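Asker: Take this sequence and fold it.
(chains A and B)
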Amino acid sequence: RKEVEQDPGPFNVPEGATVAFNCTYSNSASQSFFWYRQDCRKEPKLLMSVYSSGNEDGRFTAQLNRASQYISLLIRDSKLSDSATYLCVVNSGSARQLTFGSGTQLTVLP
Amino acid sequence: GAVVSQHPSWVICKSGTSVKIECRSLDFQATTMFWYRQFPKQSLMLMATSNEGSKATYEQGVEKDKFLINHASLTLSTLTVTSAHPEDSSFYICSARASGRDSYEQYFGPGTRLTVT
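Answerer: Next up is the predicted model:
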């Protein structure tokens, strides 16, 4: 079983749609959780950290369910510029390494 | 702030040659840097953790004699792919964690695309 699992997609949605991505992680000792965004042939960029209480940043809402070891990302009012691959990332190990999911590809269509 | 650069951004080399990739933290000191590899349509896979002044810690399945890592200063880590083969063609990305910060946040370099012919 992979440490971090995501639905690879692709998700093709029209502009203005709401889309949700899910992610599960296997290491119950994981402490920190993130969503990164990666554009084609570019490095990943931090989108937002994920907290147990849930957090929102504009059109983006992240949720963490520790009991189910499940993380979600909700994007409201999708924009064309949201098209990218979204990576679920979990810390692992005492060296504070990050483990990346395989990513979910999103394409927002005009 | 928190800018990480990589050089070169892309390189094409012949099979059997060695390639050195540099990762620099431009405006902060990084005790720890990480090297990742990403194949097309796959996620980033951690290759090794590089600590300034000590030997790198390699992930399982990564050959330390093939992927030489040197982290001689708080702002520079290098990855040398020795005797490169076509299967080493990949996107190599480094990241750095700021010294003295008690967080998991890593700052990523723009990546180096290696093609071995």
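
Asker: Alpha carbons only: can I get the lowest-mean-pLDDT helix or strand in chain A in CSV?
Answerer: Between all helices and strands in chain A, the lowest mean by mean pLDDT, DSSP states H and E belongs to strand A:97-100, at a mean of 86. Extracted C-alpha coordinates of strand A:97-100, given in CSV (Å, rounded to 0.1, in the frame of the first residue of the first chain):
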residue,chain,number,x,y,z
GLN,A,97,10.7,14.3,5.2
LEU,A,98,7.7,14.8,3.0
THR,A,99,6.0,12.0,1.2
PHE,A,100,4.1,13.0,-1.9
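
Asker: Which pLDDT value goes with the most centrally placed residue in chain B?
Answerer: Against the mean C-alpha coordinate of chain B, by CA atoms, centre = their mean, the closest residue is B:W35 at 3.5 Å. pLDDT for B:W35: 96.

Asker: likewise A:A95?
Answerer: For A:A95, pLDDT reads 60.

Asker: about what we covered before: the least confident helix or strand of chain A - which strands sit beside it in the sheet, and in what orientation?
Answerer: strand A:84-92 (antiparallel) (DSSP bridges).

Asker: buried set for the strand it pairs with?
Answerer: A:84-92 (16 or more other CB atoms under 10 Å in any protein chain shown). From N, CA and C alone the C-beta is placed, and that goes for glycine too.

Asker: In chain A, where is pLDDT below threshold?
Answerer: A:93-96 (pLDDT under 70).

Asker: Write out the residues of it neighbouring chain B.
Answerer: Within reach of chain B by CB under 8 Å from any CB of the partner chain, chain A has these residues: A:31-32, A:34, A:41-46, A:87, A:91, A:95-103.
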